[in-house]
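# Below is the sequence, then the predicted model.
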Amino acid sequence: MILNFRKEILAFISKPERVEDEETIDDCSDILVVSDTMAVAVHNEDANVALVGHTYLIKAKLSNGLSYTAYTYAGELPSCAFGFNNHGLILNVETASSQRLSVQEVGSTPFFHANMYLHLEVDQVHDQNSISRQNRAALLPKRSKQDLLSLLGDTGDHKYPIFMQGPNLYTLCTAVIDLDERTLAITEANPRKGEVSYVFTMA
């Protein structure tokens, strides 16, 4: 998972000149775990409600043998949402301008982030949406895969829920990448309901 460095850039733009306010910034949530019982990356793809129905799943194989699967938006290259390649690694990578990079290996302690830098020291916009989701996730159980799905389906914070249903931001889908089962499961409903929309086998 690579964190978009948009919030780093926004920190340098004065508020009156911003085209959009913090309520309309795309804000995704992730939780990653690699333990003796599970190796999963679970992701909420959150975006403006206008993008509902305008997304695609791309599977590609490059001439060098590398293959990847990525969720993407109409008219965009597959790089701004979740995806994986055939290396099968679970790492949290945070990138910023001037070739700054921080890689954190995921272990048995569940790692949650709400689309903000956590281990790369960068001046960034600390919007209340991300902070509230980060704080809420810290309170919820993370012992099983169902716990993780319930966490990403949480609506306990009515102003800044982890699972978003508008009016501006909307959880387009939840993806579960399971390295043990070698599957990508996508659900378009609240993930805590357990209703999987699509399942793909990882090559």
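Happy to help now that I have it. Residues are numbered from 1 along each chain as shown.
# and the longest helix for the chain?
If you go by DSSP state H, the chain has its longest helix at helix 128-139.
# Give me the contacts around that helix.
The set of residues external to helix 128-139 that reach it, using CB atoms under 8 Å, 6 or more residues apart in numbering, is 7, 22-23, 25, 27, 29, 31, 112-116, 151, 154, 156-157, 159-162, 169. The C-beta positions use only the backbone N, C-alpha and C, and glycine is treated the same way.
# Toward the C-terminus, what is the element adjacent to that helix?
helix 145-152 (DSSP states H and E).
# tell me the angle of that following helix relative to helix 128-139?
Counting by axes from the mean of the first three to the mean of the last three CA atoms, to 10 degrees, helix 145-152 lies at 150 degrees to helix 128-139.
# Give me the buried subset of the contacts of helix 128-139.
7, 22, 25, 27, 29, 31, 112-116, 151, 154, 160-162, 169 (16 or more other CB atoms under 10 Å).
# among these, which are in strands?
Applying DSSP state E to the buried ones among the contacts of helix 128-139, the entries found in strands are 29, 31, 112-113, 169.
# Just name the closest of those residues to residue 123, please.
residue 113 (17.5 Å; CB to CB).
# Now that closest one: closest residue in space that isn't a chain neighbour?
For residue 113, ignoring the flanking residues on the chain, the nearest one in space by CB to CB, 6 or more residues apart in numbering is residue 30 at 5.6 Å.
# so that neighbour touches residue 42, yeah?
Yes - counting by CB atoms under 8 Å, residue 30 does reach residue 42; the two are 7.0 Å apart.
# Looking at those two, which is more packed in?
Applying other CB atoms under 10 Å to residue 30 and residue 42 shows that residue 42 carries more neighbours, namely 24 against 21.
# you'd agree that one is in a strand?
Yes - note on residue 42: a strand contains this position according to DSSP: H, G, I helix; E, B strand; the rest coil.
# That one bridge partners, please.
Per DSSP bridges, the residues bridged to residue 42 are residue 31, residue 176.
# Distance-wise, check it relative to residue 107.
16 Å (CB to CB, to the nearest Å).
# now do residue 175
Taking CB to CB, one finds residue 175 at 21 Å from residue 107.
# still on that earlier bit, dump the longest helix of the chain to CSV, keeping only the CA atoms.
Coordinates of the C-alpha atoms in helix 128-139 are reproduced here as CSV (Å, rounded to 0.1, in the frame of the first residue of the first chain):
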residue,chain,number,x,y,z
GLN,A,128,-10.3,15.9,11.3
ASN,A,129,-11.7,13.1,9.2
SER,A,130,-8.4,11.1,9.1
ILE,A,131,-7.7,11.9,12.8
SER,A,132,-11.1,10.8,13.9
ARG,A,133,-11.0,7.5,11.9
GLN,A,134,-7.5,6.8,13.3
ASN,A,135,-8.7,7.4,16.9
ARG,A,136,-11.8,5.3,16.3
ALA,A,137,-9.9,2.4,14.9
ALA,A,138,-7.6,2.3,17.9
LEU,A,139,-10.6,1.5,20.1
